[in-house]
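# all I have is the shape, not the residue letters:
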């Protein structure tokens, strides 16, 4: 695992289809190569940004910065998944806390006051809300606080009566 963390692929594989049945030859898109000492590219995702009419592509890269080598989330913009803007730091948790596996979902009717919700794996699943994909994010809670509690008479090993 150390090899993939510190000397992994800096590219993501991109597949293209117009019907989700027929697929063209995949290609590699080097997303982490422009990050100084970027060591890998993990867990890529993309979301359409209607404000700029392109995609925000984001992924985790293991990189030393401010005295800690850890996974941080970076982003770049793309309209064709063949070229990207210069990667920028997107999410960096304090200290040695890493972050991978971020997913952003647009909520058409909103959640509270927020249009977007993102969930990130940072030792748990942290939930955040924002009105802009690259805007200010507000912590909404984590998976532990979002888990509903079962009534006391329902055992997880048997169905309810």
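Structure's in. What do you need? Since the structure is predicted, the reported quantities are computational estimates derived from the model, not experimental observations. Numbering: from 1, shown residues only.
# SS state for the residue positioned nearest the centre of the chain?
Among the residues of the chain, the one closest to the centroid is residue 102, at 2.5 Å (Cα atoms, centre = their mean). Under DSSP: H, G, I helix; E, B strand; the rest coil, residue 102 falls in the strand class.
# what's the local residue count around the residue lying closest to it once chain neighbours are set aside?
Spatially, and ignoring its direct neighbours in sequence, residue 102 is nearest to residue 120 (4.3 Å; Cβ to Cβ, 6 or more residues apart in numbering). The C-beta positions use only the backbone N, C-alpha and C, and glycine is treated the same way. Neighbourhood size, residue 120 [other Cβ atoms under 10 Å]: 23.
# and the closest residue to residue 10 other than its chain neighbours, how far from residue 100?
The shortest distance from residue 10 to any non-neighbouring residue, by Cβ to Cβ, 6+ apart, is to residue 32 (3.8 Å). Distance of residue 32 to residue 100, computed by Cβ to Cβ, to the nearest Å: 13 Å.
# and for residue 2?
16 Å.
# who has more neighbours, these two?
residue 100 (18 against 7).
# run through the bridge partners of that one.
residue 121 (DSSP bridges).
# so residue 3 sits in a helix?
Yes - using three-state DSSP, the secondary structure at residue 3 is a helix.
# tell me where the chain has helices.
2-6, 143-146 (DSSP state H).
# relative to residue 78, which of these is closest?
Nearest to residue 78, of all the helices of the chain, is helix 2-6, at 24.1 Å by Cβ to Cβ.
# show me what contacts the residue nearest to residue 76 when sequence neighbours are not counted?
Distances taken as Cβ to Cβ, 6+ apart place residue 84 nearest to residue 76, at 3.8 Å, with adjacent residues excluded. By Cβ atoms under 8 Å, 6 or more residues apart in numbering, the contact set of residue 84 is 29, 31, 57, 76-78.
# go on, residue 22?
By Cβ under 8 Å, 6+ apart, residue 22 has no neighbours at all.
# quick check: phi and psi on it?
Dihedral pair for residue 22: phi -100, psi 130, per degrees, to the nearest 10.
# mind checking how far the closest residue in space to residue 11 that isn't next to it in sequence is from residue 81?
Distance criterion Cβ to Cβ, 6+ apart; nearest residue to residue 11, sequence neighbours excluded, is residue 28 at 4.0 Å. As judged by Cβ to Cβ, residue 28 and residue 81 stand 11 Å apart.
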